[in-house]
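Engineer: sharing a model prediction with you, sequence too.
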Amino acid sequence: MDVSEHYIQLRLNFPHVHDEQEVLTTVGELADLLCCTMRNMNLIMNKFKENGWVRWNPQRGRGKKSMLVFCVPLLEVARERFDHLLDGNRMEDAYELAATLPITMREHLMQQMQHQFGLRSNGGDRGRVDTLRIPRNIPFKTLDPTQTAMWGEVFIVAEVFDRLVRYNAEHQVCEPSLAVAWESHSEGSEWTFYLHKGIPFHHGRILDSEDVKFTFDRIISDNSNPCRPLFGSIERIETLDELTVRFVLNKPNFMFPDLMSSMSASILPRDVEMNPLHPIGTGPYRLTRHDSKLLVLEVFPSYFRGRAYIDRVEIWQLPHSGRVESVIKHNIFPDAEPRAVQHEMQGGMYMTFNMQKEGPQHEVNFRRAVQQLLNAQELSQALGSTNTQAAYSLIRGRVQQPLKVGSDQGEPGKQQSEQPDGSVTPVPDLSVETSLARASALLRHSSYQGQSLSLWVEEGEKMETDMVWFAERCKQIGLHINIMPGDPVHAVYQDGFGDCDLIYTGEIFNDNVVLSLVTMYTFQNTLFLIAMNDYWRHELEQECGRVVMIQEAAERLNRLIRLEDRLIQEALLLPTYSFKEEHAHHDSLRDYRLAGYGLPDLRRLWVKRSPGAAEEDTSYPVYIPLW
């Protein structure tokens, strides 16, 4: 251990002692604090004195106390040691050092780590190695493709695994991947896939049709698997030979190739038990390390579509802090303006209700009161930014008018809404009132009794600010809301939304919008479905089951639009805005393209070094949001 680390360790044991304050202690007591011998403690104290870090006046004799004075602030010594470790490319040691410090000092040091992220090109005995380092402040809970529901997890799954089919967003068609071709009979209830030859898994064995059968048998045989409804039409899987696999369905499914492109359809090896944090696939990168500090992806040289250019991807688990993220994002380009890549995300922000819990949210009048309070246009006018746009749908580019609360059908001046139990709830005609007045009238027609309700909001400065605005609007009409920021990872994989009544979150789609909508409504680990009760889960699964039976792609989308309209009409889905995500990178990073979920396609990224660039380490800043 370096002498500065001894000083840091010792200084942390005197948290209430100020610099230049005298402390009475003994060599034996100090040796116990550093877990060393008294002889070594004397040597360490002499080094402290040589560096001017302490004043130390030892007193001889049993029981006599010596005078110790700390002369140099802890942060100063820690920063010097931290910078030394970073200069030596010892990022993990620097991280461990920062983790020992109080939170305010830790965040101060983490600002120095900004220059370590991005792409580093290092020369060595084995030639040039390009390493992409990405910061992240939310741990990966699972990398099992059938379970994962979080944005950053999907990024890893996409690089570790392949699927039978891949979706070409530019041409909006499914293309070969692990399967070189596929076909079906005219009824769409039998699909046969023909595999590429010689595709290796990361552990060396060659993929065959039995691996495909194992992958989907694992899903459909487990009623608790959250993605089982996606593949519920599979009746059985037949391996015709080592490269041919047939899916026999219990009903027509003309979306089956699209489903095969889903992340949940990633192909697993049948001879290795799934480790959800250390999975094995056939993808361009293999996972070689995953712990509380670091996840490492190493390039897989035998990848069947050709070797990726980037040799190593490191995802560093930073302390959970929005301030650290802000520093990394905005200060990573100290010398020049970055090349920015903006991506308008499919999906968007929305509010829904915890239908698993009893409460006023089971009444449509109450939900519509909230719908009026969370007026997308007014929210955008009050808090909008250049990266957000008011939206009335989760489907990008769709023009939809705000909900009309009144109707000229049924009872004059009333709109009728059928409830799950078959009853009909009248809604007053409020078409000429302001949104607050409409909300107030609807709230009076509900069973809300003035109780305080809890609102779960996904952690993040923008979304929490949205809900402060919303809660103030609620207060104006007598609706009492407590805002409870929460971790979406915890919400998905642990206790859902607990005792919360309202939920404000977002849904990120990939480029295949129809598949994304079907996934949102059937994959049981989406935040939207976690909030729904059994009635609505069944309704959504049944409707999506009818959608996949439609042969024309355009009509499938129209059917899903009508389903979304129904959810909005019932005030179960309250869209607020769509947003753009911005990636920033050094000009030397070429072919930087955003793929599904607004994440970079690492299979295409490469580095153009300047002519005559020094062979020693070179850094290329890049900001990739995995937060």
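Structural biologist: Okay, I see it. Just so you know, these numbers come straight off a predicted model, no measurement behind them.

Engineer: which positions within stretch 297-309 qualify as buried?
Structural biologist: Of the residues in stretch 297-309, those scored as buried under the neighbour-count criterion (16 or more other C-beta atoms under 10 Å) are 297, 299-300, 303-304, 308-309. Just so you know, the C-beta spots here come from the backbone N, C-alpha and C atoms, and that holds for glycine as well.

Engineer: now stretch 179-198: buried residues?
Structural biologist: Burial within stretch 179-198, assessed by neighbour count using 16+ other C-beta under 10 Å, is assigned to 179, 182, 184, 188-196.

Engineer: now stretch 550-557
Structural biologist: The neighbour-count criterion (16+ other C-beta under 10 Å) identifies 550, 556-557 as the buried residues of stretch 550-557.

Engineer: re the thing from before, now the two most distant members of the buried residues of stretch 297-309.
Structural biologist: The largest distance within the buried residues of stretch 297-309, taken as C-beta to C-beta, falls between L297 and F304 and amounts to 17.2 Å.

Engineer: which strand of this protein spans the most residues?
Structural biologist: Criterion DSSP state E: the longest strand present in the chain is strand 574-585.

Engineer: that one pairs with which strands, and in what direction?
Structural biologist: Here the strand partners of strand 574-585, with direction, are listed using DSSP bridges: strand 339-344 (antiparallel), strand 346-353 (antiparallel), strand 388-390 (antiparallel), strand 622-623 (antiparallel).

Engineer: how is this structure partitioned into domains?
Structural biologist: What the record gives for the chain is the domain set 3-72, 117-137+286-338+586-623, 158-277, 345-579, from automatic domain parsing.

Engineer: could you pull up the mean pLDDT of the third one?
Structural biologist: In other words, domain 158-277. The average pLDDT within domain 158-277 is 96.

Engineer: could you do the last one as well?
Structural biologist: Taken as a whole, domain 345-579 carries a mean pLDDT of 86.

Engineer: how about the second one?
Structural biologist: Per-region confidence: domain 117-137+286-338+586-623 scores 74 on mean pLDDT.

Engineer: do the same with the first one
Structural biologist: Regarding domain 3-72, the rounded mean pLDDT is 89.

Engineer: what about that domain, how long is it end to end?
Structural biologist: Its first and final residues considered, domain 3-72 spans 14 Å by C-alpha to C-alpha, to the nearest Å.

Engineer: what of the third one?
Structural biologist: The separation between the terminal residues of domain 158-277, taken as C-alpha to C-alpha, is 14 Å.

Engineer: for the stretch 251-400 of the chain, which segments count as strands?
Structural biologist: Listed in chain order, the strands found in the stretch 251-400 of the chain under DSSP state E, counting those that start in this stretch are 285-290, 294-299, 312-317, 339-344, 346-353, 388-390.

Engineer: do you have the helices of the stretch 51-200 of the chain handy? List them.
Structural biologist: For the stretch 51-200 of the chain, the helices identified by DSSP state H, counting those that start in this stretch occupy 74-87, 91-99, 103-110, 151-160, in order along the chain.

Engineer: check the stretch 401-550 of the chain too.
Structural biologist: Taking DSSP H, counting those that start in this stretch as the criterion, the stretch 401-550 of the chain contains helices spanning 435-444, 461-476, 488-490, 513-522, 527-531, 534-547.

Engineer: could I get those helices as TSV with distance to K251 and mean neighbour count?
Structural biologist: Shown next, in TSV, are the helices of the stretch 401-550 of the chain (distance: least, C-beta to C-beta, whole Å; neighbours: other C-beta atoms under 10 Å):
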stretch	distance to K251	mean neighbour count
helix 435-444	40	20
helix 461-476	40	16
helix 488-490	34	17
helix 513-522	15	24
helix 527-531	22	21
helix 534-547	8	16
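
Engineer: can I get the ones you listed in TSV including distance to Y577?
Structural biologist: Rendered in TSV, the data for the helices of the stretch 401-550 of the chain read as follows (distance: least, C-beta to C-beta, whole Å):
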stretch	distance to Y577
helix 435-444	16
helix 461-476	9
helix 488-490	18
helix 513-522	17
helix 527-531	17
helix 534-547	23
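
Engineer: for Q9, find the nearest of these.
Structural biologist: Each of the helices of the stretch 401-550 of the chain has some distance to Q9 by C-beta to C-beta; the shortest is helix 488-490, at 32.4 Å.

Engineer: what residues does the closest one touch?
Structural biologist: Surrounding helix 488-490, the residues in contact under the criterion C-beta atoms under 8 Å, 6 or more residues apart in numbering are 138-139, 141, 150, 458-459, 505, 527.

Engineer: which of the residues you listed count as buried?
Structural biologist: Among the contacts of helix 488-490, the ones that count as buried by 16+ other C-beta under 10 Å are 138-139, 141, 150, 458, 505, 527.

Engineer: from these, which land in strands?
Structural biologist: Among the buried ones among the contacts of helix 488-490, the members falling in strands are 458, 505 (criterion: DSSP E).

Engineer: with distance to N51 as new columns, can the buried ones among the contacts of helix 488-490 be given to me in a markdown table?
Structural biologist: As requested, those are exported to a markdown table (distance: C-beta to C-beta, whole Å):
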| residue | distance to N51 |
| --- | --- |
| I138 | 39 |
| P139 | 37 |
| K141 | 44 |
| M150 | 46 |
| E458 | 47 |
| T505 | 51 |
| L527 | 53 |
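
Engineer: now, the most widely separated pair of the buried ones among the contacts of helix 488-490?
Structural biologist: Farthest apart among the buried ones among the contacts of helix 488-490 by C-beta to C-beta are P139 and T505. That separation is 18.6 Å.

Engineer: surely S4 is within a helix?
Structural biologist: Yes: under DSSP: H, G, I helix; E, B strand; the rest coil, S4 falls within a helix.

Engineer: could you measure the residue nearest to it when sequence neighbours are not counted against L33, distance?
Structural biologist: When the adjacent residues along the chain are set aside, S4 lies closest to R81, with 4.3 Å between them (C-beta to C-beta, 6 or more residues apart in numbering). Using C-beta to C-beta, to the nearest Å, one obtains 18 Å as the distance from R81 to L33.

Engineer: then F48?
Structural biologist: With the distance defined as C-beta to C-beta, F48 ends up 13 Å from L33.

Engineer: tell me which of the two has more neighbours.
Structural biologist: Set side by side, F48 and L33 give different neighbour counts by other C-beta atoms under 10 Å, the larger being at F48 (23 against 15).

Engineer: surely the more buried one meets W56?
Structural biologist: Yes: checked against C-beta atoms under 8 Å, the pair F48 and W56 is within contact range at 7.0 Å.

Engineer: roughly how far does V513 sit from P226?
Structural biologist: Separation of V513 from P226 (C-beta to C-beta): 21 Å.

Engineer: OK, contacts around the nearest residue to V69 once chain neighbours are set aside?
Structural biologist: Nearest in space to V69, with sequence neighbours left out and distances taken as C-beta to C-beta, 6+ apart, is R55 at 4.2 Å. Taking C-beta under 8 Å, 6+ apart as the criterion, R55 is in contact with 49, 67-69, 71.

Engineer: who wins for most neighbours among those residues?
Structural biologist: Sorting those by how many neighbours each has (other C-beta under 10 Å) puts L68 first, at 24 neighbours.

Engineer: how about the nearest residue to that one, chain neighbours excluded?
Structural biologist: Leaving aside its chain neighbours, L68 sits nearest to V23 (4.6 Å; criterion: C-beta to C-beta, 6+ apart).

Engineer: any idea how far the one you found is from F82?
Structural biologist: Between V23 and F82 the computed distance is 25 Å (C-beta to C-beta).

Engineer: quick one, which of these two is more surrounded?
Structural biologist: Taking neighbours as other C-beta under 10 Å, V23 and F82 compare with F82 leading, 25 against 15.

Engineer: neighbours of V245, how many?
Structural biologist: Quick note: V245 (other C-beta under 10 Å) scores 26 neighbours.

Engineer: that one touches T239, doesn't it?
Structural biologist: Yes: using C-beta under 8 Å as the test, V245 is close enough to T239 to be in contact (5.4 Å).
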